[in-house]
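Asker: With the sequence up front, the predicted model follows.
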Amino acid sequence: MEFREKYDQLKEYFREVYLEAKRVTWPSKKDAMKGTYIVLITVFITALFLGVVDIGLAKIIQTLLRG
């Protein structure tokens, strides 16, 4: 395959990507912010839970190793 053929394929690919991106229905700012808050709250709750479990398991292991 020669260079010109590869160049034309690449150009066509990016043209199709651009056209597809124009058809995407993007969320409103309000919807995006709401989704962001949900993700942040979920991450915080998960981190808190895993932190408590980690501390609990560490205490259990310490107790087992001392005894």
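Answerer: Looks like it arrived, so ask away. Numbers count the residues shown, from 1 in each chain.

Asker: next one: the helix or strand containing Glu16 to chain centre, how far?
Answerer: When elements are assigned from DSSP states H and E, Glu16 belongs to helix 3-23. When distances are taken as C-alpha atoms, centre = their mean, to the nearest Å, helix 3-23 is centred 27 Å away from the chain's centroid.

Asker: Let me see the mean pLDDT of the following helix or strand past that helix.
Answerer: Sequence-wise, the next helix or strand downstream of helix 3-23 (DSSP H and E) is helix 29-66. The average pLDDT within helix 29-66 is 97.

Asker: For helix 29-66, name the packing helices and strands.
Answerer: If you count contacts as 3 or more C-beta pairs under 8 Å, 6 or more residues apart in numbering; DSSP states H and E, helix 29-66 packs onto no helix or strand. All C-beta atoms are positioned from the backbone trio N, CA, C, and that covers glycine.

Asker: I'd like the numbering to begin with 55 instead of 1 from here.
Answerer: That works, and once the first residue is 55, the last one we named lands at helix 83-120.

Asker: Could you export the helix holding Glu70 as CSV, keeping only the C-alpha atoms?
Answerer: Provided in CSV are the C-alpha atoms of helix 57-77 (Å, rounded to 0.1, in the frame of the first residue of the first chain):
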residue,chain,number,x,y,z
PHE,A,57,1.5,6.5,1.2
ARG,A,58,-1.2,8.3,-0.7
GLU,A,59,-3.6,5.4,-0.2
LYS,A,60,-2.9,5.3,3.6
TYR,A,61,-3.3,9.1,3.8
ASP,A,62,-6.7,9.0,2.1
GLN,A,63,-7.8,6.2,4.5
LEU,A,64,-6.7,8.1,7.5
LYS,A,65,-8.4,11.3,6.2
GLU,A,66,-11.7,9.4,5.6
TYR,A,67,-11.5,7.8,9.1
PHE,A,68,-11.2,11.2,10.8
ARG,A,69,-14.0,12.6,8.6
GLU,A,70,-16.3,9.8,9.7
VAL,A,71,-15.3,10.3,13.4
TYR,A,72,-16.2,14.0,13.0
LEU,A,73,-19.6,13.3,11.4
GLU,A,74,-20.4,10.7,14.1
ALA,A,75,-19.4,13.1,16.9
LYS,A,76,-21.9,15.6,15.5
ARG,A,77,-24.7,13.1,15.8
